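>>> Got a predicted structure here, sequence first:
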There are 2 protein chains.
Amino acid sequence: MPEEFKVTPWEVTGDIDYDALQRSFGTTPIDDALIARLERYGDVHPMIRRGIFYTHRDLVQILDGYDKGDRFCLYTGRGPSGNTHLGHMMPWMFTKWIQDTFGTDLLFQLTDDEKFLFKDMTLEDTTSMAYENALDIVALGFDPKKTRIILNTKNVQKMYPVALRVAKKVTFSTAKAVFGFDNSTNIGSIFYTTMQAVPAFLPTIDAGRQVPVLIPCGIDQDPHFRVTRDVAPGLGYPKPALICCKMMPGLNGGDKMSSSDENATIYTTDTPKQVKKKVGRAFTGGCVSVEEQREKGGNPEVCAVFKYFYYMFEHDDARLNELAEKCRSGSILCGECKMCLTERINVFLEEHQDKREKARDVVGDMTYDGFEW
Amino acid sequence: MPEEFKVTPWEVTGDIDYDALQRSFGTTPIDDALIARLERYGDVHPMIRRGIFYTHRDLVQILDGYDKGDRFCLYTGRGPSGNTHLGHMMPWMFTKWIQDTFGTDLLFQLTDDEKFLFKDMTLEDTTSMAYENALDIVALGFDPKKTRIILNTKNVQKMYPVALRVAKKVTFSTAKAVFGFDNSTNIGSIFYTTMQAVPAFLPTIDAGRQVPVLIPCGIDQDPHFRVTRDVAPGLGYPKPALICCKMMPGLNGGDKMSSSDENATIYTTDTPKQVKKKVGRAFTGGCVSVEEQREKGGNPEVCAVFKYFYYMFEHDDARLNELAEKCRSGSILCGECKMCLTERINVFLEEHQDKREKARDVVGDMTYDGFEW
């Protein structure tokens, strides 16, 4: 991996070279043939077509099994370190698409233990933040009958024996190599990956039977699941398959939307005014002056506003290409583009926030093993 | 610590120099003044008088508090790696004496997770062995109202949040230094000490309030509690106090009774015939021939049979001294001494095995947080 960037489950810095990451992690590209195959099951999600979900492990085996009538189960998660932002929602929306398309169960893990161990947060804070994040998950419309939310500190009674079985098969040497731990790492952080492995080995919701698991996640989470996949056969389980995405960029032009720059991050609880202000300040591919941009055009490739359309807010390829063309030709300026994105986000958030409030009534019914919030 | 012996929670080898161990671990000797003070609360247990429980941490503070009317709670434990033997029972009997003398609550931890992680055993085996060990614990007659048995895999729901708080304060560097871990150690073993710390930070049984904890245990467990004591103030808890004992010797003359030599180990489930056979083969301080021993006498200092009287089966100091004198003078031979010990052990075990069967009916009422076996 080039030194200029770093991608671990806890730190993403620098300009990410996603191809290099794929080579370094050893995942398989989602190529045209695989996309064509996915077309068979329904309209392929734009995040696949556009190379946002761009790499996988054993997805072909999952599909082969599905074609033969075998079920599979989805598993994804969230580390509840703060309010949900659009960067979190992006892969969740994709996960919902898989659930809808294949009619699968979904285990959604909230890792309040992880965020307590790795961040300067109290356990009370991470656990209550998990509830806030769960509202967003429910609001996205996952099938309530087929979706269960795991909260590590609440489900640990069932999880711990599985975590122990994983832990016995992972040496410190492996953890050090995979995650970059050193002598100063706390012993909870060293153990933690076992808890993230567990949902890959839990029985499905209604069948109570272990079926192969597919994990949609950010590519930064791959190290955890490399460990999980390594131990799976020894525990008598199939290796979980993965489908991994790039990081949602920040509005500041950075490679990953992150709570470390709140002004470049749109939260699901933001007001229309906040969204307008944040998008208004976004990094664009425009020129210094209106005159220059009219003449030379803008550069959508580097523009954070354009990336938001690309990642989440313009699913129609033709319209997206049209927007890019208008930008390049100088016929649309950054102000107009920002207004348009602001409008799209605010329409989305207004509806989402409404669903989010209603989620309070049902989030209790979607907990794994029936835990109480 | 001299190189000739090694004492860790998982390995005891060589001829143990208990004074050197005390200096190396930094515990405080139980001296005559402290023994005299203990006399105030009732007849001091022979294991104190004889220097079997020989060293402590903060026992004086516990007694000071008790004298002022403060309560304290006992905490001890067992790693359920096999059937209970007399070496396990020895400190438990002492613990019962403290409970009876001071009227304290007792948390008794069974670490089925530990033995799974550190031994070549399945989790099912360590958990079911925990039940067998619990029968011996109950049979010893701990106050059922004041005693609760913790089984780590069954109580983890309450324990895990506390374990996480401990874990966040312990670096790998510390764990490595205290326990001698290296790169090949599995990450569950590295985390495990946090679970052993937890009972020191749980509320007492009836008060639901945190009171100072006193831990009677083998000196080999001190490393765990050094870690526990280090993190306690930062978590807002008093440091647990310790009262530590030497290891029960094996019948083979070794420094620690261990299941690794079954013939030198008396289990609570042994038949009278098995006991007779094992004691019959014991290492003694006798001479090669009867004639020589009549003439020169035996050496009780090195005799495993004598040690059994000393540690557990002859609480009367005068009678013990008389036995030693008879041995040294050659007026009692090894055969007679072995018969006498066999008789004592079998009388004890007959009654214990009876209580052990009856324990099946009540062991379910003594579980922490009401877990079901």
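Everything's here; your move. Worth saying up front: this structure is predicted, and the values here are computed from it rather than measured. Numbering: from 1, shown residues only, chains lettered A, B, ... in the order given.
>>> So which residues make contact with stretch A:41-60?
If you take CB atoms under 8 Å, 6 or more residues apart in numbering or on different chains as the criterion, stretch A:41-60 is touched by A:18, A:22, A:25, A:27-30, A:34-35, A:38, A:90-91, A:93-94, A:97, A:101-102, A:214, A:216, A:219, A:225, A:229, A:239, A:241-246, A:310-311, A:315, A:317. Heads up, the C-betas are built off the backbone N, CA and C, glycines and all.
>>> Pull out the buried members of those residues.
By neighbour count, with 16 or more other CB atoms under 10 Å in any protein chain shown, the contacts of stretch A:41-60 hold A:18, A:22, A:25, A:27, A:30, A:34, A:38, A:90-91, A:94, A:97, A:102, A:214, A:216, A:219, A:225, A:229, A:239, A:241-246, A:310-311 as buried.
>>> In which helix or strand does A:Gln157 reside?
If you go by DSSP states H and E, A:Gln157 is part of helix A:152-167.
>>> ok, that helix near chain B or not?
Yes. Judged by CB under 8 Å from any CB of the partner chain, helix A:152-167 comes into contact with chain B through A:153, A:156-157, A:160-161, A:163-165, A:167.
>>> What is that helix packed up against?
Counting contacts by 3 or more CB pairs under 8 Å, 6 or more residues apart in numbering or on different chains; DSSP states H and E, helix A:152-167 packs against helix A:112-118, helix A:187-197, helix A:222-235, helix B:112-118, helix B:123-139, helix B:152-167, helix B:187-197.
>>> how about stretch A:160-179: buried residues?
For stretch A:160-179, the neighbour count (16+ other CB under 10 Å) marks A:160-172, A:174-176, A:178-179 as buried.
>>> Three-state assignment for A:Ile243, please.
Under DSSP: H, G, I helix; E, B strand; the rest coil, the three-state class of A:Ile243 is strand.
>>> Tell me which two in the residues of helix A:152-167 next to chain B are the farthest apart.
In terms of CB to CB, the residues of helix A:152-167 next to chain B reach their longest pairwise distance at A:Thr153 and A:Arg165, which sit 19.6 Å apart.
>>> show me where pLDDT drops low in the stretch 101-250 of chain A?
Filtered on pLDDT under 70, the stretch 101-250 of chain A yields the residue ranges A:204-209.
>>> need the residues of it near chain B, please.
Checking the stretch 101-250 of chain A against chain B by CB under 8 Å from any CB, the hits are A:113, A:116-117, A:123, A:153, A:156-157, A:160-161, A:163-165, A:167-173, A:175-176, A:181-191, A:193-194.
>>> residue with max distance from the center of chain A?
Going by CA atoms, centre = their mean, the residue of chain A most distant from its centre is A:Glu291, 39.5 Å out.
>>> helix or strand for it, which one?
helix A:290-296.
>>> Could you list every helix and strand that the following helix or strand past that helix packs against?
Toward the C-terminus, helix A:290-296 is succeeded by helix A:304-308 as the next helix or strand (DSSP H and E). Judged by 3+ CB pairs under 8 Å, 6+ apart, helix A:304-308 is in contact with helix A:317-329, helix A:334-359.
>>> who touches the residue nearest the centre of chain A in this structure?
Relative to the mean C-alpha position of chain A, the nearest C-alpha, by CA atoms, centre = their mean, is the one of A:Pro91, at 3.7 Å. By CB under 8 Å, 6+ apart, A:Pro91 lies in contact with A:53, A:76, A:216-218, A:245.
>>> and the gap between it and A:Cys73?
Distance, A:Pro91 to A:Cys73, by CB to CB, to the nearest Å: 17 Å.
>>> and if you look at A:Leu214?
Distance, A:Leu214 to A:Cys73, by CB to CB: 7 Å.
>>> repeat for A:Asp270
33 Å.
>>> how many neighbours does A:Glu325 have?
Neighbour count of A:Glu325, defined by other CB atoms under 10 Å in any protein chain shown: 13.
>>> ok, now A:Asn252?
Residues contacting A:Asn252 under the criterion other CB under 10 Å number 16.
>>> Check whether it sits in a helix, strand or coil.
Assigned by three-state DSSP, the conformation of A:Asn252 is coil.
>>> residues in contact with it?
For A:Asn252, the contacting residues are A:261, A:263-264, A:282-283, A:304, by CB under 8 Å, 6+ apart.
>>> Can you say which of these are buried?
Buried residues within these, counting neighbours by 16+ other CB under 10 Å: A:264, A:282-283, A:304.
>>> Please report the number of neighbouring residues for the residue of the stretch 201-350 of chain A found nearest chain B.
Residue nearest to chain B within the stretch 201-350 of chain A: A:Val227 (9.4 Å; CB to the nearest CB). Applying other CB under 10 Å, we find 22 other residues in the vicinity of A:Val227.
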